Structure formats: C-alpha cells, structure tokens
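Peer 1: here is my input, please return the structure:
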Amino acid sequence: QVQLVESGGGLVQPGGSLTLSCAASGFSFNYYAMRWYRQSPGKERELVATITSGGGATKYADSVKGRFTVSRDNGKNMVYLQMNSLKPEDTAVYYCNYRDYVDMEHWGKGTQVTVSS
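Peer 2: Residues are numbered from 1 along each chain as shown. The predicted model follows:
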C-alpha cells in the first residue's frame, strides 16, 4: 500500500525557513520522480518542485526558484523541501506526490505552512 506522509510544516515569520519531509513507502521509491505541490484556499494546486528518481535533476516553479531546494535520500525513502526566505504568499498546504507507471497520481495528506508575523 502506497503511503506518502508529509511533516515539518508550521508557523514561521516572513524571511524564515522551514524544511518539509515526506516519508514514502509501499512502492519502489528510487524508480520514480517525486514532486511537491501546494494549495492555498481558493486557488488551484500548484506544482512547486520536482526531483528525478536519482536526484540528479530538479525543477522549480518560478515563484520559488532560488528560495526552495528539493532533495531526496533513496536509502531512507525520503524527499525533502528546504524553504528559505519565506513569504506570506508561500502560505499553503504542501503535498508530496508521485505518478506511478500507469500515470496514477499518489498524494500525501499534506502539511500546513503558514508564513505570518
């Protein structure tokens, strides 16, 4: 059974940092690219960052480029999102995701990030 469990969210002041973690299980983690999405109230879910199966390539939304870093540890089945210089507009629920070999999307339950003074 596929499980994606996000953690690390919380309340942070503007300019602060947080690191999100996603623990994956139930599939061959090292075969698949992993993604972080986010969703704010009233907005569509937005792709934030992607990392390839081996971790050798990453891609970011323009809104987070230069501030966020995605990484993974295939030995621990973990993917991370380091978020620096956080802004109020980064406030959202952040989701871990992967798309399997039949293009089915798998999602975690999300972790709330709130950027506010």
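Peer 1: if I look at the residue nearest to H106 when sequence neighbours are not counted, how far off is A24?
Peer 2: Distances taken as CB to CB, 6 or more residues apart in numbering place V2 nearest to H106, at 5.0 Å, with adjacent residues excluded. Using the backbone N, CA and C atoms, a C-beta is placed for each residue, glycine as well. Remark: distance between V2 and A24 (CB to CB, to the nearest Å) = 8 Å.
Peer 1: swap in L47?
Peer 2: L47 is 18 Å from A24, by CB to CB.
Peer 1: and the residue nearest the centre of the protein?
Peer 2: W36 (2.8 Å; CA atoms, centre = their mean).
Peer 1: just the CA trace of the strand or helix carrying it, in CSV.
Peer 2: Using DSSP states H and E, W36 sits in strand 34-39. What follows is strand 34-39, C-alpha atoms only, in CSV (Å, rounded to 0.1, in the frame of the first residue of the first chain):
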residue,chain,number,x,y,z
MET,A,34,8.9,12.9,-6.8
ARG,A,35,7.1,16.2,-6.6
TRP,A,36,6.0,18.8,-4.1
TYR,A,37,2.7,20.7,-4.7
ARG,A,38,1.0,23.3,-2.7
GLN,A,39,-2.6,24.6,-2.4
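Peer 1: please name the bridge partners of R99.
Peer 2: Beta-bridge pairing for R99 (DSSP bridges): E105.
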